[in-house]
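Trainee: my questions are about this predicted structure, shown below with the sequence.
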Amino acid sequence: MVTAMRDSQPDALTLLVSGYPDVKSAMDAIFLEADEIIVKPFEAGKLAELIHQKMSTHRPAAKERAAAVLQRCSSTIVEEWLARVKKTRELISIPLTDKERTGYLPKLIEDLIVRLMEPNVPGLEADSICSTAAVAHAKMRQLQGYTPGMLVHDSRILQVTLFGTLQRNLSALDFSLLLPDVMTIADEVDFQLTQAMDSYMEVKVKPAAA
């Protein structure tokens, strides 16, 4: 409810009143966006004083789009993706340096952010961007010895890492645009994978045709 209030009335001062003394630490722990949590009983004069104090210093935090969060956290996303890959027996079976393993990942994330930054017109979906990085990524992975299934696993780990980044930054996100952004992320990562798979299979077929 507090999150909905913050989303619908971002400039309003939001106070939460509770009769349970332990609620403050519990609420703080789940990152509620209230400006203050007040535990009953309290004096009306103290409440008026608190409201006056909060109103004089209240500066609502600006909300971000998913693109801004991913751009700000792009290096962390690469690091977390790499850490997840290193825990995956199938992928780690191919000996690669960290640089070889991450390869075109930063450029794939950059392409995704560009797609997210496209104007959001209600009822009109932005087109996926043809990614030269996705094509190059597939060719590199084939030379490294990846199978098509490993390429898919690579992509799945990227989606998990991207959504995990958004989850950790929920309090900074603009909830009114979060669902469309999540749908765009899923669509763009899938489209990059489709391009990568097409490129992978094309490279694989060419020697047989020669």
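Mentor: In hand now; what should we look at?

Trainee: find the residue at the geometric middle of this structure.
Mentor: Centroid check for the chain by C-alpha atoms, centre = their mean gives residue 166 as the closest residue, at 3.3 Å.

Trainee: what average pLDDT does the helix ranked longest in the chain get?
Mentor: The longest helix of the chain (DSSP state H) is helix 175-209. Mean pLDDT, helix 175-209: 84.

Trainee: that helix: which residues count as buried?
Mentor: 177-178, 180-181, 184-185, 188-189, 191-193, 195-197, 199-200 (16 or more other C-beta atoms under 10 Å). (Glycine included, C-beta is placed from N, CA and C.)

Trainee: pick the one among the residues you listed closest to residue 83.
Mentor: Distance to residue 83, by C-beta to C-beta, is smallest for residue 189 among these, at 18.5 Å.

Trainee: show me the contacts for the closest one.
Mentor: Applying C-beta atoms under 8 Å, 6 or more residues apart in numbering, we find residue 189 in contact with 112, 155, 158, 159, 162.

Trainee: top of those by neighbour count?
Mentor: Using other C-beta atoms under 10 Å as the neighbour criterion, residue 112 leads those with 28 neighbours.

Trainee: ok, that one - contacts?
Mentor: Here residue 112 is in contact with 70, 162, 185, 188, 189, 192 (C-beta under 8 Å, 6+ apart).

Trainee: save those residues as a markdown table, and put in distance to residue 143 too.
Mentor: As requested, the contacts of residue 112 are arranged in a markdown table below (distance: C-beta to C-beta, whole Å):
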| residue | distance to residue 143 |
| --- | --- |
| 70 | 28 |
| 162 | 26 |
| 185 | 28 |
| 188 | 25 |
| 189 | 22 |
| 192 | 19 |
